[in-house]
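Colleague: Take a look and give me a structure for this.
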Amino acid sequence: MELPILLFCISLIFCWFIIKPFLYSKSSRKLPPGPTGLPIIGSLLELGPRPNRSLAELAEIYGPLMTLKLGSVTTIIASSPETAKEILQIHDKTLSARTVPHVVASQPNVEATKICNTQLFTNQRLDALQELRHQKVEWLVNHIRKLQCDNNNDNNDNGSPVDIGRVAFATTLNLVSCTIFSIDIVDPEFEKAQEFKDLVWRIMEYSAKPNLADYFPVLKWLDLQGVKRHIRPAYLRLREIFEQLIEKRIEARAAGLKKKGDFLDVLLDQCEDDESGFDRKTIKPLILDLFIAGSDTSSATTEWAMAELLRKPEELNKVRQEIIQQIGTERPVKETDIDKLPYLQAVVKETLRLHPAVPLLLPRKALNDTEMFGYTVPKNSQVFVNAWAIGRNPKYWEKPLEFMPERFLKSSVDYKGRNFEYIPFGAGRRICPGMPLAIRMVNLMLASIIQPFNWKLPKGMEPENLDMEEQFGVTLRKVIPLVAIPSMEENKIIF
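Modeller: Presented below is the predicted three-dimensional model:
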(Lines give C-alpha, C1' and ligand atoms only; values in the text may rest on other atoms or scores of the structure.)
Protein backbone atom coordinates (compact mmCIF):
# COMPACT_ATOMS: atom_id res chain seq x y z
CA MET A 1 0.00 0.00 0.00
CA GLU A 2 1.44 3.36 -1.00
CA LEU A 3 2.42 5.70 1.82
CA PRO A 4 0.44 8.74 0.52
CA ILE A 5 -2.76 6.69 0.45
CA LEU A 6 -2.06 5.36 3.91
CA LEU A 7 -1.49 8.84 5.33
CA PHE A 8 -4.63 10.13 3.64
CA CYS A 9 -6.68 7.31 5.16
CA ILE A 10 -5.29 7.99 8.61
CA SER A 11 -6.16 11.67 8.40
CA LEU A 12 -9.70 10.95 7.22
CA ILE A 13 -10.61 8.56 9.96
CA PHE A 14 -8.58 9.96 12.81
CA CYS A 15 -11.54 11.89 14.23
CA TRP A 16 -13.64 8.76 14.20
CA PHE A 17 -11.11 6.71 16.09
CA ILE A 18 -9.92 9.34 18.50
CA ILE A 19 -13.12 8.96 20.51
CA LYS A 20 -12.81 5.18 20.35
CA PRO A 21 -9.39 4.17 21.70
CA PHE A 22 -7.71 1.39 19.80
CA LEU A 23 -7.77 -0.91 22.82
CA TYR A 24 -9.55 -4.17 23.38
CA SER A 25 -12.76 -3.84 25.36
CA LYS A 26 -13.40 -5.94 28.40
CA SER A 27 -15.33 -8.49 26.33
CA SER A 28 -12.47 -8.82 23.87
CA ARG A 29 -9.77 -9.68 26.36
CA LYS A 30 -10.42 -13.35 25.62
CA LEU A 31 -9.73 -12.92 21.93
CA PRO A 32 -7.17 -15.32 20.50
CA PRO A 33 -3.63 -13.90 20.62
CA GLY A 34 -2.23 -11.90 17.73
CA PRO A 35 0.00 -9.00 16.77
CA THR A 36 -0.75 -5.66 18.41
CA GLY A 37 -0.79 -3.81 15.11
CA LEU A 38 -0.56 -0.11 14.47
CA PRO A 39 -3.10 2.46 15.65
CA ILE A 40 -6.08 2.75 13.34
CA ILE A 41 -4.90 0.43 10.55
CA GLY A 42 -4.06 -2.51 12.81
CA SER A 43 -2.16 -5.29 11.04
CA LEU A 44 -3.14 -4.45 7.46
CA LEU A 45 0.46 -3.83 6.44
CA GLU A 46 1.48 -7.30 7.66
CA LEU A 47 -0.66 -9.08 5.07
CA GLY A 48 1.69 -8.30 2.18
CA PRO A 49 1.18 -9.46 -1.43
CA ARG A 50 0.69 -13.11 -0.40
CA PRO A 51 -1.52 -13.17 2.71
CA ASN A 52 -1.61 -16.97 2.80
CA ARG A 53 2.14 -17.00 3.49
CA SER A 54 2.13 -13.96 5.78
CA LEU A 55 -0.64 -15.39 7.94
CA ALA A 56 1.10 -18.78 8.11
CA GLU A 57 4.25 -17.07 9.39
CA LEU A 58 2.29 -15.09 11.98
CA ALA A 59 0.57 -18.28 13.14
CA GLU A 60 3.97 -19.76 13.96
CA ILE A 61 4.40 -16.89 16.42
CA TYR A 62 0.90 -16.45 17.84
CA GLY A 63 -0.62 -19.89 17.46
CA PRO A 64 -3.13 -21.73 15.25
CA LEU A 65 -6.07 -19.54 16.35
CA MET A 66 -5.09 -15.93 15.93
CA THR A 67 -6.65 -12.47 16.00
CA LEU A 68 -5.74 -9.67 13.63
CA LYS A 69 -7.21 -6.21 13.78
CA LEU A 70 -7.63 -5.13 10.16
CA GLY A 71 -8.77 -1.54 10.32
CA SER A 72 -12.11 -1.62 12.13
CA VAL A 73 -12.67 -5.33 11.47
CA THR A 74 -11.73 -8.03 13.96
CA THR A 75 -10.42 -11.00 11.98
CA ILE A 76 -9.87 -14.52 13.30
CA ILE A 77 -7.46 -16.84 11.47
CA ALA A 78 -7.44 -20.64 11.83
CA SER A 79 -4.24 -22.37 10.76
CA SER A 80 -4.47 -25.93 12.12
CA PRO A 81 -6.74 -28.94 11.63
CA GLU A 82 -8.10 -28.58 15.17
CA THR A 83 -9.08 -24.94 14.78
CA ALA A 84 -10.43 -25.58 11.29
CA LYS A 85 -12.66 -28.34 12.68
CA GLU A 86 -14.07 -25.97 15.31
CA ILE A 87 -14.98 -23.43 12.64
CA LEU A 88 -16.06 -25.70 9.78
CA GLN A 89 -17.82 -28.43 11.73
CA ILE A 90 -18.44 -27.87 15.45
CA HIS A 91 -19.51 -24.23 15.14
CA ASP A 92 -20.45 -24.43 11.48
CA LYS A 93 -23.95 -23.04 11.94
CA THR A 94 -22.89 -20.03 14.00
CA LEU A 95 -20.04 -19.26 11.59
CA SER A 96 -21.90 -19.99 8.36
CA ALA A 97 -22.57 -16.40 7.24
CA ARG A 98 -20.39 -14.84 4.57
CA THR A 99 -18.56 -11.56 4.45
CA VAL A 100 -18.77 -10.03 0.98
CA PRO A 101 -15.86 -7.85 -0.23
CA HIS A 102 -16.85 -4.38 -1.39
CA VAL A 103 -15.75 -5.05 -4.98
CA VAL A 104 -17.54 -8.36 -5.36
CA ALA A 105 -20.62 -7.72 -7.44
CA SER A 106 -22.51 -10.84 -6.45
CA GLN A 107 -22.73 -13.63 -3.95
CA PRO A 108 -24.98 -16.68 -4.31
CA ASN A 109 -27.96 -16.61 -1.96
CA VAL A 110 -29.49 -19.62 -0.27
CA GLU A 111 -31.83 -20.35 -3.19
CA ALA A 112 -28.97 -20.12 -5.69
CA THR A 113 -26.79 -22.48 -3.68
CA LYS A 114 -29.65 -24.93 -3.34
CA ILE A 115 -30.43 -25.00 -7.06
CA CYS A 116 -26.74 -25.53 -7.90
CA ASN A 117 -26.58 -28.47 -5.51
CA THR A 118 -29.78 -30.04 -6.88
CA GLN A 119 -29.46 -29.22 -10.60
CA LEU A 120 -25.74 -29.00 -11.37
CA PHE A 121 -23.59 -30.97 -8.96
CA THR A 122 -25.56 -34.12 -8.17
CA ASN A 123 -23.97 -37.41 -9.21
CA GLN A 124 -26.91 -38.09 -11.51
CA ARG A 125 -26.49 -34.76 -13.29
CA LEU A 126 -22.71 -35.11 -13.50
CA ASP A 127 -23.02 -38.61 -14.93
CA ALA A 128 -25.47 -37.33 -17.54
CA LEU A 129 -22.92 -34.71 -18.65
CA GLN A 130 -20.00 -37.13 -18.79
CA GLU A 131 -19.97 -37.28 -22.58
CA LEU A 132 -19.85 -33.49 -22.74
CA ARG A 133 -16.68 -33.50 -20.65
CA HIS A 134 -15.20 -36.16 -22.93
CA GLN A 135 -15.92 -33.93 -25.93
CA LYS A 136 -14.22 -30.92 -24.36
CA VAL A 137 -11.13 -32.92 -23.44
CA GLU A 138 -11.04 -34.43 -26.92
CA TRP A 139 -11.08 -30.87 -28.26
CA LEU A 140 -8.16 -30.00 -25.95
CA VAL A 141 -6.03 -32.97 -27.06
CA ASN A 142 -6.77 -32.34 -30.73
CA HIS A 143 -5.76 -28.70 -30.32
CA ILE A 144 -2.41 -29.76 -28.86
CA ARG A 145 -1.99 -32.32 -31.64
CA LYS A 146 -2.76 -29.68 -34.25
CA LEU A 147 -0.02 -27.49 -32.81
CA GLN A 148 2.37 -30.39 -33.23
CA CYS A 149 1.30 -30.98 -36.84
CA ASP A 150 1.73 -27.30 -37.68
CA ASN A 151 5.12 -27.39 -36.01
CA ASN A 152 6.22 -30.41 -38.03
CA ASN A 153 5.24 -28.61 -41.22
CA ASP A 154 7.55 -25.81 -40.18
CA ASN A 155 10.41 -28.33 -39.76
CA ASN A 156 10.99 -27.19 -36.21
CA ASP A 157 12.56 -30.01 -34.22
CA ASN A 158 12.22 -28.23 -30.89
CA GLY A 159 8.46 -28.78 -30.63
CA SER A 160 5.61 -26.34 -30.23
CA PRO A 161 5.27 -24.69 -26.81
CA VAL A 162 1.90 -25.08 -25.10
CA ASP A 163 0.64 -22.72 -22.42
CA ILE A 164 -0.86 -25.35 -20.11
CA GLY A 165 -2.92 -22.96 -18.02
CA ARG A 166 -4.37 -21.23 -21.06
CA VAL A 167 -5.53 -24.38 -22.86
CA ALA A 168 -6.85 -25.90 -19.63
CA PHE A 169 -8.74 -22.68 -18.92
CA ALA A 170 -10.28 -22.66 -22.41
CA THR A 171 -11.39 -26.26 -21.94
CA THR A 172 -13.04 -25.71 -18.56
CA LEU A 173 -14.57 -22.43 -19.74
CA ASN A 174 -16.27 -24.17 -22.65
CA LEU A 175 -17.40 -26.98 -20.37
CA VAL A 176 -19.10 -24.44 -18.11
CA SER A 177 -20.58 -22.51 -21.04
CA CYS A 178 -21.97 -25.68 -22.63
CA THR A 179 -23.44 -26.77 -19.30
CA ILE A 180 -25.18 -23.41 -18.84
CA PHE A 181 -25.82 -22.16 -22.39
CA SER A 182 -25.27 -25.22 -24.64
CA ILE A 183 -22.62 -23.33 -26.62
CA ASP A 184 -18.83 -22.94 -26.66
CA ILE A 185 -17.73 -19.47 -25.65
CA VAL A 186 -14.12 -20.00 -26.75
CA ASP A 187 -13.48 -20.65 -30.44
CA PRO A 188 -11.81 -23.89 -31.67
CA GLU A 189 -8.50 -22.10 -32.17
CA PHE A 190 -8.46 -20.84 -28.56
CA GLU A 191 -8.08 -17.27 -29.81
CA LYS A 192 -10.52 -15.82 -27.27
CA ALA A 193 -9.20 -17.87 -24.37
CA GLN A 194 -6.69 -15.27 -23.20
CA GLU A 195 -9.27 -12.48 -23.15
CA PHE A 196 -11.57 -14.48 -20.89
CA LYS A 197 -8.67 -15.66 -18.75
CA ASP A 198 -7.56 -12.05 -18.20
CA LEU A 199 -11.10 -10.96 -17.33
CA VAL A 200 -11.62 -13.77 -14.84
CA TRP A 201 -8.22 -13.34 -13.23
CA ARG A 202 -8.72 -9.60 -12.83
CA ILE A 203 -11.86 -10.33 -10.82
CA MET A 204 -10.15 -13.08 -8.81
CA GLU A 205 -7.08 -10.99 -8.08
CA TYR A 206 -8.79 -7.77 -7.07
CA SER A 207 -11.52 -9.54 -5.09
CA ALA A 208 -8.82 -10.93 -2.81
CA LYS A 209 -6.77 -7.75 -2.42
CA PRO A 210 -6.82 -6.25 1.08
CA ASN A 211 -9.08 -3.28 0.41
CA LEU A 212 -9.41 -0.26 2.66
CA ALA A 213 -13.10 -0.07 1.76
CA ASP A 214 -13.68 -3.42 3.50
CA TYR A 215 -11.88 -2.41 6.69
CA PHE A 216 -12.99 1.23 6.86
CA PRO A 217 -16.59 1.36 5.59
CA VAL A 218 -16.64 5.16 5.69
CA LEU A 219 -14.07 5.13 2.88
CA LYS A 220 -16.02 2.95 0.42
CA TRP A 221 -17.10 5.84 -1.76
CA LEU A 222 -13.48 6.98 -2.25
CA ASP A 223 -12.10 3.71 -3.72
CA LEU A 224 -8.66 4.95 -2.69
CA GLN A 225 -6.76 1.96 -4.09
CA GLY A 226 -8.75 1.91 -7.33
CA VAL A 227 -9.81 -1.68 -6.70
CA LYS A 228 -13.41 -1.19 -7.77
CA ARG A 229 -12.31 0.92 -10.71
CA HIS A 230 -10.03 -1.86 -11.96
CA ILE A 231 -12.51 -4.69 -11.46
CA ARG A 232 -15.61 -2.99 -12.88
CA PRO A 233 -14.71 -3.28 -16.61
CA ALA A 234 -14.20 -7.03 -16.27
CA TYR A 235 -17.60 -7.46 -14.63
CA LEU A 236 -19.27 -5.29 -17.26
CA ARG A 237 -17.70 -7.18 -20.16
CA LEU A 238 -18.76 -10.58 -18.83
CA ARG A 239 -22.24 -9.32 -18.00
CA GLU A 240 -22.58 -7.98 -21.54
CA ILE A 241 -21.74 -11.40 -22.99
CA PHE A 242 -24.12 -13.24 -20.68
CA GLU A 243 -26.93 -10.72 -21.18
CA GLN A 244 -26.85 -11.34 -24.93
CA LEU A 245 -27.03 -15.10 -24.45
CA ILE A 246 -29.87 -14.85 -21.93
CA GLU A 247 -31.82 -12.47 -24.18
CA LYS A 248 -31.51 -14.83 -27.17
CA ARG A 249 -32.80 -17.72 -25.08
CA ILE A 250 -35.77 -15.74 -23.79
CA GLU A 251 -36.68 -14.82 -27.37
CA ALA A 252 -36.40 -18.46 -28.45
CA ARG A 253 -38.65 -19.59 -25.61
CA ALA A 254 -41.17 -16.88 -26.46
CA ALA A 255 -41.19 -18.11 -30.07
CA GLY A 256 -42.08 -21.59 -28.87
CA LEU A 257 -38.78 -23.24 -29.77
CA LYS A 258 -37.87 -26.45 -27.97
CA LYS A 259 -36.02 -26.03 -24.70
CA LYS A 260 -32.38 -27.12 -24.61
CA GLY A 261 -32.64 -28.52 -21.09
CA ASP A 262 -29.44 -26.83 -19.92
CA PHE A 263 -28.92 -24.88 -16.71
CA LEU A 264 -30.12 -21.63 -18.26
CA ASP A 265 -33.47 -23.26 -19.01
CA VAL A 266 -33.61 -24.47 -15.41
CA LEU A 267 -33.00 -20.93 -14.16
CA LEU A 268 -35.52 -19.37 -16.55
CA ASP A 269 -38.10 -21.93 -15.42
CA GLN A 270 -37.43 -20.77 -11.87
CA CYS A 271 -37.96 -17.16 -12.93
CA GLU A 272 -41.48 -18.08 -14.03
CA ASP A 273 -42.25 -19.39 -10.54
CA ASP A 274 -43.24 -16.43 -8.37
CA GLU A 275 -42.26 -18.28 -5.18
CA SER A 276 -38.77 -19.32 -6.31
CA GLY A 277 -37.02 -16.07 -5.43
CA PHE A 278 -35.43 -15.92 -8.88
CA ASP A 279 -35.73 -13.30 -11.57
CA ARG A 280 -33.53 -12.10 -14.42
CA LYS A 281 -31.59 -9.85 -12.05
CA THR A 282 -30.73 -12.68 -9.68
CA ILE A 283 -29.77 -15.31 -12.26
CA LYS A 284 -27.15 -13.13 -13.96
CA PRO A 285 -24.92 -12.86 -10.85
CA LEU A 286 -25.29 -16.60 -10.28
CA ILE A 287 -24.19 -17.37 -13.84
CA LEU A 288 -21.27 -14.96 -13.44
CA ASP A 289 -20.17 -16.68 -10.22
CA LEU A 290 -20.35 -20.12 -11.86
CA PHE A 291 -18.24 -18.99 -14.81
CA ILE A 292 -15.59 -17.34 -12.68
CA ALA A 293 -15.22 -20.10 -10.11
CA GLY A 294 -15.78 -23.03 -12.47
CA SER A 295 -13.26 -22.02 -15.11
CA ASP A 296 -10.40 -20.72 -13.00
CA THR A 297 -10.02 -23.26 -10.20
CA SER A 298 -9.87 -26.44 -12.31
CA SER A 299 -7.49 -24.97 -14.87
CA ALA A 300 -5.19 -23.59 -12.16
CA THR A 301 -5.03 -27.00 -10.45
CA THR A 302 -4.24 -28.71 -13.76
CA GLU A 303 -1.44 -26.23 -14.42
CA TRP A 304 0.05 -26.70 -10.93
CA ALA A 305 -0.12 -30.49 -11.32
CA MET A 306 1.75 -30.40 -14.63
CA ALA A 307 4.30 -27.98 -13.16
CA GLU A 308 5.01 -30.32 -10.24
CA LEU A 309 5.29 -33.32 -12.57
CA LEU A 310 7.66 -31.52 -14.93
CA ARG A 311 9.83 -30.64 -11.94
CA LYS A 312 10.03 -34.36 -11.20
CA PRO A 313 10.15 -36.18 -14.56
CA GLU A 314 10.27 -39.56 -12.81
CA GLU A 315 6.84 -38.84 -11.30
CA LEU A 316 5.49 -37.78 -14.69
CA ASN A 317 6.77 -41.04 -16.17
CA LYS A 318 5.03 -43.02 -13.40
CA VAL A 319 1.72 -41.41 -14.21
CA ARG A 320 2.11 -42.01 -17.93
CA GLN A 321 3.16 -45.62 -17.51
CA GLU A 322 0.17 -46.25 -15.26
CA ILE A 323 -2.17 -44.83 -17.91
CA ILE A 324 -0.57 -46.86 -20.72
CA GLN A 325 -0.57 -50.07 -18.68
CA GLN A 326 -4.18 -49.73 -17.58
CA ILE A 327 -5.73 -48.17 -20.68
CA GLY A 328 -3.19 -48.37 -23.49
CA THR A 329 -2.80 -45.94 -26.35
CA GLU A 330 -5.50 -47.13 -28.72
CA ARG A 331 -8.32 -45.14 -27.16
CA PRO A 332 -8.62 -41.98 -25.06
CA VAL A 333 -9.07 -41.93 -21.31
CA LYS A 334 -12.66 -41.93 -20.06
CA GLU A 335 -13.97 -40.86 -16.68
CA THR A 336 -14.80 -44.47 -15.90
CA ASP A 337 -11.07 -45.24 -16.21
CA ILE A 338 -10.00 -42.90 -13.42
CA ASP A 339 -10.60 -45.49 -10.68
CA LYS A 340 -7.96 -47.66 -12.39
CA LEU A 341 -5.39 -44.86 -12.01
CA PRO A 342 -4.56 -44.52 -8.29
CA TYR A 343 -1.24 -42.80 -8.91
CA LEU A 344 -2.88 -40.15 -11.09
CA GLN A 345 -5.45 -39.54 -8.34
CA ALA A 346 -2.62 -39.28 -5.80
CA VAL A 347 -0.94 -36.65 -7.98
CA VAL A 348 -4.13 -34.56 -8.02
CA LYS A 349 -4.54 -34.89 -4.25
CA GLU A 350 -0.93 -33.90 -3.63
CA THR A 351 -1.30 -30.93 -5.95
CA LEU A 352 -4.34 -29.74 -4.00
CA ARG A 353 -2.41 -30.13 -0.75
CA LEU A 354 0.46 -27.91 -1.90
CA HIS A 355 -1.60 -25.59 -4.10
CA PRO A 356 -5.20 -25.43 -2.86
CA ALA A 357 -7.31 -23.63 -5.42
CA VAL A 358 -8.61 -21.25 -2.73
CA PRO A 359 -5.70 -20.80 -0.28
CA LEU A 360 -7.75 -18.85 2.27
CA LEU A 361 -11.16 -20.44 2.29
CA LEU A 362 -13.84 -17.87 1.56
CA PRO A 363 -14.31 -15.69 4.64
CA ARG A 364 -17.06 -16.40 7.14
CA LYS A 365 -18.82 -14.11 9.59
CA ALA A 366 -19.70 -14.90 13.20
CA LEU A 367 -23.43 -14.55 13.84
CA ASN A 368 -22.89 -14.63 17.61
CA ASP A 369 -20.06 -14.71 20.14
CA THR A 370 -18.53 -18.18 19.92
CA GLU A 371 -16.26 -19.88 22.43
CA MET A 372 -13.42 -22.15 21.31
CA PHE A 373 -10.23 -23.26 23.02
CA GLY A 374 -10.90 -20.82 25.85
CA TYR A 375 -11.10 -17.82 23.52
CA THR A 376 -13.99 -15.77 22.16
CA VAL A 377 -14.68 -15.34 18.48
CA PRO A 378 -16.78 -12.17 18.72
CA LYS A 379 -20.04 -11.54 16.92
CA ASN A 380 -19.59 -9.94 13.46
CA SER A 381 -15.91 -10.85 13.31
CA GLN A 382 -14.47 -12.07 10.02
CA VAL A 383 -13.17 -15.65 10.08
CA PHE A 384 -10.61 -17.16 7.69
CA VAL A 385 -9.30 -20.72 7.47
CA ASN A 386 -5.80 -20.89 5.98
CA ALA A 387 -6.07 -24.12 3.98
CA TRP A 388 -2.69 -23.41 2.40
CA ALA A 389 -0.95 -23.36 5.79
CA ILE A 390 -2.81 -26.44 7.06
CA GLY A 391 -1.73 -28.46 4.03
CA ARG A 392 1.91 -27.63 4.76
CA ASN A 393 1.83 -28.21 8.50
CA PRO A 394 4.87 -30.39 9.43
CA LYS A 395 2.97 -31.76 12.44
CA TYR A 396 0.66 -33.61 10.08
CA TRP A 397 2.67 -34.05 6.90
CA GLU A 398 6.05 -35.68 6.40
CA LYS A 399 8.35 -33.45 4.36
CA PRO A 400 5.44 -31.04 3.84
CA LEU A 401 7.12 -28.86 1.22
CA GLU A 402 7.98 -31.78 -1.08
CA PHE A 403 5.76 -33.06 -3.87
CA MET A 404 5.22 -36.69 -2.86
CA PRO A 405 2.10 -38.26 -4.43
CA GLU A 406 3.00 -41.59 -2.80
CA ARG A 407 1.80 -40.23 0.55
CA PHE A 408 -1.80 -40.64 -0.67
CA LEU A 409 -1.52 -44.14 -2.16
CA LYS A 410 -2.21 -45.99 1.08
CA SER A 411 -3.97 -43.17 2.87
CA SER A 412 -7.67 -42.80 3.63
CA VAL A 413 -7.33 -39.00 3.70
CA ASP A 414 -9.52 -37.33 1.09
CA TYR A 415 -10.82 -33.89 0.16
CA LYS A 416 -14.47 -34.40 1.12
CA GLY A 417 -14.26 -32.48 4.37
CA ARG A 418 -13.80 -35.38 6.78
CA ASN A 419 -10.05 -34.92 7.31
CA PHE A 420 -9.29 -31.46 8.62
CA GLU A 421 -5.57 -31.68 7.91
CA TYR A 422 -6.58 -31.68 4.23
CA ILE A 423 -9.38 -29.27 3.28
CA PRO A 424 -8.69 -27.83 -0.19
CA PHE A 425 -12.46 -27.53 -0.74
CA GLY A 426 -13.40 -26.61 2.80
CA ALA A 427 -15.79 -28.67 4.93
CA GLY A 428 -19.20 -28.56 6.54
CA ARG A 429 -22.27 -26.88 5.09
CA ARG A 430 -20.08 -24.38 3.23
CA ILE A 431 -17.93 -26.99 1.48
CA CYS A 432 -17.39 -26.06 -2.17
CA PRO A 433 -20.48 -27.32 -4.04
CA GLY A 434 -18.48 -27.64 -7.27
CA MET A 435 -15.99 -30.11 -5.76
CA PRO A 436 -17.41 -33.24 -7.50
CA LEU A 437 -17.21 -31.58 -10.93
CA ALA A 438 -13.76 -30.09 -10.29
CA ILE A 439 -12.28 -33.45 -9.27
CA ARG A 440 -13.75 -35.22 -12.29
CA MET A 441 -12.53 -32.54 -14.67
CA VAL A 442 -8.98 -32.19 -13.30
CA ASN A 443 -8.38 -35.96 -13.27
CA LEU A 444 -9.75 -36.32 -16.80
CA MET A 445 -7.85 -33.35 -18.25
CA LEU A 446 -4.58 -34.35 -16.64
CA ALA A 447 -4.79 -37.99 -17.75
CA SER A 448 -5.86 -36.99 -21.26
CA ILE A 449 -2.94 -34.65 -21.94
CA ILE A 450 -0.39 -37.04 -20.42
CA GLN A 451 -1.56 -40.18 -22.25
CA PRO A 452 -0.70 -39.29 -25.90
CA PHE A 453 2.28 -36.97 -25.38
CA ASN A 454 5.75 -37.00 -23.91
CA TRP A 455 6.08 -33.64 -22.15
CA LYS A 456 9.26 -31.76 -21.47
CA LEU A 457 10.32 -28.25 -20.54
CA PRO A 458 11.54 -25.83 -23.22
CA LYS A 459 15.16 -26.18 -24.31
CA GLY A 460 17.60 -24.78 -21.78
CA MET A 461 15.21 -25.00 -18.82
CA GLU A 462 16.11 -27.48 -16.10
CA PRO A 463 13.35 -29.07 -13.98
CA GLU A 464 14.89 -27.89 -10.71
CA ASN A 465 14.90 -24.31 -11.99
CA LEU A 466 11.22 -24.20 -12.96
CA ASP A 467 9.70 -21.09 -11.39
CA MET A 468 6.93 -22.02 -8.90
CA GLU A 469 6.19 -18.53 -7.57
CA GLU A 470 2.57 -17.99 -6.56
CA GLN A 471 0.34 -15.04 -7.31
CA PHE A 472 -2.34 -14.54 -4.70
CA GLY A 473 -5.99 -14.03 -5.56
CA VAL A 474 -9.20 -15.74 -4.57
CA THR A 475 -7.44 -18.59 -6.36
CA LEU A 476 -3.71 -19.26 -6.38
CA ARG A 477 -2.01 -19.19 -9.77
CA LYS A 478 1.51 -19.35 -11.13
CA VAL A 479 3.16 -15.98 -11.59
CA ILE A 480 4.92 -17.27 -14.70
CA PRO A 481 2.57 -19.39 -16.85
CA LEU A 482 3.71 -22.96 -17.42
CA VAL A 483 4.89 -23.58 -20.98
CA ALA A 484 5.81 -27.13 -21.96
CA ILE A 485 6.67 -29.04 -25.12
CA PRO A 486 4.65 -32.14 -26.10
CA SER A 487 6.00 -34.70 -28.53
CA MET A 488 3.80 -37.21 -30.32
CA GLU A 489 4.06 -40.95 -29.77
CA GLU A 490 4.18 -43.39 -32.66
CA ASN A 491 1.04 -45.13 -31.36
CA LYS A 492 -1.48 -42.38 -31.90
CA ILE A 493 -4.71 -42.34 -29.96
CA ILE A 494 -7.66 -42.07 -32.32
CA PHE A 495 -10.78 -40.21 -31.22
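Colleague: distance of residue 444 from residue 378?
Modeller: Look at residue 444 and residue 378: by C-beta to C-beta, to the nearest Å, they are 44 Å apart. In short, each C-beta sits where N, CA and C put it, glycine included.
Colleague: and what of residue 294?
Modeller: Applying C-beta to C-beta, the value for residue 294 to residue 378 is 35 Å.
Colleague: neighbour count winner among these two?
Modeller: Higher neighbour count among residue 294 and residue 378: residue 294, with 23 against 18, using other C-beta atoms under 10 Å.
Colleague: sec struct for the more buried one, please.
Modeller: helix (DSSP: H, G, I helix; E, B strand; the rest coil).
Colleague: which non-adjacent residue is nearest it?
Modeller: Residue nearest to residue 294 in three dimensions, not counting chain neighbours: residue 176, with 4.3 Å by C-beta to C-beta, 6 or more residues apart in numbering.
Colleague: what packs against the helix or strand where that neighbour lies?
Modeller: Residue 176 belongs to helix 164-181 when assigned by DSSP states H and E. Here helix 164-181 touches helix 130-153, helix 193-208, helix 263-271, helix 280-311, helix 435-450, going by 3 or more C-beta pairs under 8 Å, 6 or more residues apart in numbering; DSSP states H and E.
Colleague: Save the ones you listed as JSON lines, and put in mean pLDDT and distance to residue 40 too.
Modeller: Conversion of the helices and strands packed on helix 164-181 to JSON lines gives the following (pLDDT from 0 to 100; distance: least, C-beta to C-beta, whole Å):
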{"stretch": "helix 130-153", "mean pLDDT": "86", "distance to residue 40": "50"}
{"stretch": "helix 193-208", "mean pLDDT": "83", "distance to residue 40": "23"}
{"stretch": "helix 263-271", "mean pLDDT": "91", "distance to residue 40": "45"}
{"stretch": "helix 280-311", "mean pLDDT": "90", "distance to residue 40": "33"}
{"stretch": "helix 435-450", "mean pLDDT": "96", "distance to residue 40": "40"}
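Colleague: ok, how many other residues are close to the nearest residue to residue 291 once chain neighbours are set aside?
Modeller: Once flanking residues are discounted, residue 291 sits nearest to residue 176: 5.7 Å by C-beta to C-beta, 6+ apart. Residue 176 has 25 neighbours, counted by other C-beta under 10 Å.
Colleague: the inter-axis angle of the helix holding residue 176 versus helix 193-208?
Modeller: Between helix 164-181 and helix 193-208, the angle comes out at 90 degrees (axes from the mean of the first three to the mean of the last three C-alpha atoms, to 10 degrees).
Colleague: State the mean pLDDT of helix 164-181.
Modeller: Helix 164-181 shows a mean pLDDT of 92 in the predicted model.
Colleague: What ranges does the stretch 1-150 of the chain have for its helices?
Modeller: Using DSSP state H, counting those that start in this stretch, the helices of the stretch 1-150 of the chain run over 3-18, 51-62, 81-85, 110-119, 123-128, 130-153.
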